[in-house]
Structure formats: structure tokens, C-alpha cells
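Participant: Structure of the sequence below:
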Amino acid sequence: MIDFLINLFNTEGFTIRSHCGISWNLNLIVLNVSALLIVIVGYYSLVFQMWSLYKQRKDQVPKKNVFLLLVFFFSVCGLAKVSQLLGFWWAPYRFFIITDWFCAISVVVLVLRLRTEIHYLAGLPSYSLQLEINKDLKERLLESKEIQDYLKLNNKSLQNVVDHLQQMTRNQLWYQDHSQAVEQLSKIVAELSTKQKNDGV
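Facilitator: Numbering: from 1, shown residues only. Here you go, the predicted model:
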């Protein structure tokens with residue numbers, strides 16, 4: 001094992017892919033390299049996009065462990081394809097074996113992890129059901145807004161009635177005070193008249 005790691009990038013005794021067999025030609029190499037490049041760019045585009053999504057919406061990403069496992073899986077699969085591509089010009093096959101094992105381990109872990117997550121995903125509401133729920137919520141919100149507007153209008157009407165009653169109360173108090181004042185004034189006038197008559201007598 002130590003010898004394996006020491007010679008991890010040693011190419012002695014190995015042949016590059018383009019020299020394996022006599023049927024390789026420029027056209028086959030170009031086709032194979034082009035396909036590998038497209039796959040590599042696709043893998044790492046997925047890695048970049050998923051990682052960006054995770055960084056931006058980390059608090060809203062469900063099942064973070066599975067999400068990060070997918071990012072790791074695409075990364076090591078991309079590395080395995082890079083190894084295949086490099087194999088046309090460079091042949092450290094011990095290192096290539098390591099990249100293949102990383103890919104194999106990650107796919108086994110991902111498959112085992114997804115077995116438990118499939119049940120969770122299957123229990124989620126369907127897209128059509130989510131649309132129905134959203135539609136129902138919108139209708140309820142609209143009804144709630146109409147009720148709020150109706151209550152605001154009634155509250156305004158009730159406030160007007162209360163203001164009117166308070167004004168009537170103030171007017172009634174003024175009327176009572178005015179009546180008492182007139183009554184007292186009448187008494188004073190009557191007393192003065194009686195006094196004047198008595199003085200005249």
C-alpha cells in the first residue's frame with residue numbers, strides 16, 4: 001500500500017490510451033476527447049450551480065446532507081472523466097484507480113442514502129396539489145381582505161355613531177345647565193319682586 005501511494009503518479013510501465021491498440025486514429029481521439037470535455041464541463045457546471053444555490057439559500061435547502069452528497073458525487077465523477085481524458089497523454093493509472101474508487105464509493109453511499117429519501121419525496125404533495133392549495137390560499141386571503149375592508153367600514157360607521165352620541169350627551173348636559181341657570185334666575189327675580197312689594201307696603 002505504501003509503495004502504491006509512493007508511486008501514485010508514476011507512469012513507468014503504463015501506456016497512454018492513444019497507444020493502446022493499433023486502431024486509434026486522430027478522428028477517434030478527437031471524438032472521444034470532445035465527448036469527455038462536454039461531460040466534464042457538464043459535471044462541473046452542475047457542481048458550480050448546486051454549490052451556488054446552496055450558498056445562497058442554505059437555510060431553505062431541504063435534506064442538506066443529500067444535497068452536499070450530490071455535489072460531491074458530481075465532483076468525483078467529473079474527476080474520473082478528467083482522468084480518462086488525461087489518459088490520452090499521461091498514464092498515472094494508480095491515480096486514476098483512486099479517482100474511480102472515489103466515484104464508486106460516492107455512488108454507493110448516494111444510492112443507499114437515496115433509498116431512505118425516496119419515501120420522503122414520495123410523501124410530498126404533487127405539483128397539481130400544490131397549485132390547488134395555493135389557489136385555495138389566495139381565495140381565502142381575498143375573502144379575508146374583503147372581511148377586513150367590511151370591518152373597517154363598519155368601524156368607521158360605529159365611530160361616527162359614537163361621536164354623534166357624545167355630541168348629544170354634551171348638548172344634553174348644556175341644556176340641563178342652561179335650565180338650572182334659568183330656574184335660579186327666575187327664583188332670584190321672584191325674590192326681588194317679593195322684596196320690592198314688601199318694601200312698598
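
Participant: which residues of the chain score low on pLDDT?
Facilitator: Residue ranges of the chain with pLDDT under 70: 60-63, 120-121, 161-162, 164-165, 168-193, 195-201.

Participant: Tell me where it has helices.
Facilitator: Residue ranges of the helices in the chain, as given by DSSP state H, are 2-6, 26-56, 64-86, 93-122, 127-200.

Participant: Let me know which of these is tucked in deepest.
Facilitator: Mean neighbour counts were compared across those using mean count of other C-beta atoms under 10 Å; the top stretch is helix 64-86, at a mean of 18. C-beta coordinates here come from the backbone N, C-alpha and C atoms, glycine included.

Participant: how far out from the middle of the chain is that one?
Facilitator: Relative to the centre of its chain, helix 64-86 is centred 26 Å away, using C-alpha atoms, centre = their mean, to the nearest Å.

Participant: Give the other helices and strands that it contacts.
Facilitator: On a contact count with 3 or more C-beta pairs under 8 Å, 6 or more residues apart in numbering; DSSP states H and E, helix 64-86 meets helix 26-56, helix 93-122.

Participant: Helix 64-86 and the longest one, what's the angle between them?
Facilitator: Counting by axes from the mean of the first three to the mean of the last three C-alpha atoms, to 10 degrees, helix 26-56 lies at 160 degrees to helix 64-86.

Participant: Over to the shortest one?
Facilitator: Going by the same axes, to 10 degrees, helix 93-122 is angled at 150 degrees with respect to helix 64-86.

Participant: Outline the domain layout of this structure.
Facilitator: Per automatic domain parsing, the domain ranges recorded for the chain read 2-124, 130-201.

Participant: between the helices and strands packed on helix 64-86, which gets nearest to S157?
Facilitator: Of all the helices and strands packed on helix 64-86, it is helix 26-56 that lies closest to S157, at 49.5 Å by C-beta to C-beta.

Participant: Which elements pack onto that closest one?
Facilitator: Using 3+ C-beta pairs under 8 Å, 6+ apart as the test, helix 26-56 ends up in contact with helix 64-86.

Participant: contact partners of the helix it packs on?
Facilitator: 17, 33, 36-37, 39-40, 43-44, 46-47, 50-51, 54, 58, 61, 95-96, 99-100, 102-103, 106-107, 109-110, 113-114, 117 (C-beta atoms under 8 Å, 6 or more residues apart in numbering).
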